[in-house]
Structure formats: C-alpha cells, structure tokens
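# based on what follows, work out the 3D shape:
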Amino acid sequence: MGNPGARLSAALDRRSQHQSIIAAAKHGPLQSLTDRELEVRDQPMTIYPRPKLVRAWVRFGPESIRVDAKLVRSTPLAAGIEFRAEEHTFRCWVWGNAVTLVDDE
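Reported below is the predicted structural model:
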C-alpha cells in the first residue's frame, strides 16, 4: 500500500515547486541556450525515447530556480529539458553541468 504520509509529502513538494516556478516566471521569460551556443551543426544530438528524471537549474529572466525535470535530449555539452508547473509545460536548453540525474529509487 505504501506510505500515505510519503505520498502526501511528495504531493506537497510538487505543489510548492510549481508555485515557485510560476513565481519565478513572473521575473521574465525562460532562458534557453541559442543554436550558436549549442553548435547544432557540429555536435551530435541524442534524443531520449524514455526521458530521464533530472534536477536542473533554469533561469526566468534574472531569477534562477532548481526544478525537477525530464531530460529529453542532449549534446556533449548541453541538456534539453522539460518540466511542468500547473498547466504549463516549459522546455529549454541548459548547460550540462546545470543538470543532475535523479537516482532511481
């Protein structure tokens, strides 16, 4: 059956993170690396049919926030991620060192 307290705690954590994302989004648009920074013509890109769970630093205008996200694609230096907050889905490219894989539990 699992631990109902743990499920409630996880739900509250998600809700709190969603509120933090929406608040950060009020400081400006989600920033993403440019094609030039990604070197899309010169670097191979991997697309993950089964996205990996990650924690990543993103920036809305000058406001940075760490989010739970899915790694959906990558280059040798960058990660393409997506994450949700309420009904919004956000997608961006960040530098690879801004991303940490979440251990499977």
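# and residue 39, what does it touch?
Residue 39 makes contact with 75, 77, according to Cβ atoms under 8 Å, 6 or more residues apart in numbering. For glycine as for every other residue, the C-beta is placed from the backbone atoms N, C-alpha and C.
# that should have said residue 47, apologies.
72, 73.
# now it: how far from residue 88?
23 Å (Cβ to Cβ, to the nearest Å).
# roughly how far is stretch 17-36 from the heart of the chain?
Taking Cα atoms, centre = their mean, to the nearest Å, one finds stretch 17-36 lying 10 Å from the centre of the chain it belongs to.
# please export the C-alpha coordinates of it as CSV.
Included here for stretch 17-36 are C-alpha records, laid out as CSV according to Å, rounded to 0.1, in the frame of the first residue of the first chain:
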residue,chain,number,x,y,z
GLN,A,17,7.8,23.7,-6.6
HIS,A,18,5.1,24.5,-9.1
GLN,A,19,4.3,27.7,-7.1
SER,A,20,8.0,28.6,-7.1
ILE,A,21,8.2,28.1,-10.9
ILE,A,22,5.2,30.3,-11.5
ALA,A,23,6.6,33.0,-9.2
ALA,A,24,10.0,32.9,-11.0
ALA,A,25,8.3,33.0,-14.4
LYS,A,26,6.9,36.5,-13.4
HIS,A,27,10.5,37.8,-13.5
GLY,A,28,11.0,37.2,-17.2
PRO,A,29,10.9,34.6,-19.9
LEU,A,30,12.5,31.2,-19.6
GLN,A,31,16.1,31.5,-20.9
SER,A,32,17.5,28.8,-23.2
LEU,A,33,20.8,28.3,-24.9
THR,A,34,21.0,29.5,-28.5
ASP,A,35,21.7,27.4,-31.6
ARG,A,36,25.1,29.1,-31.7
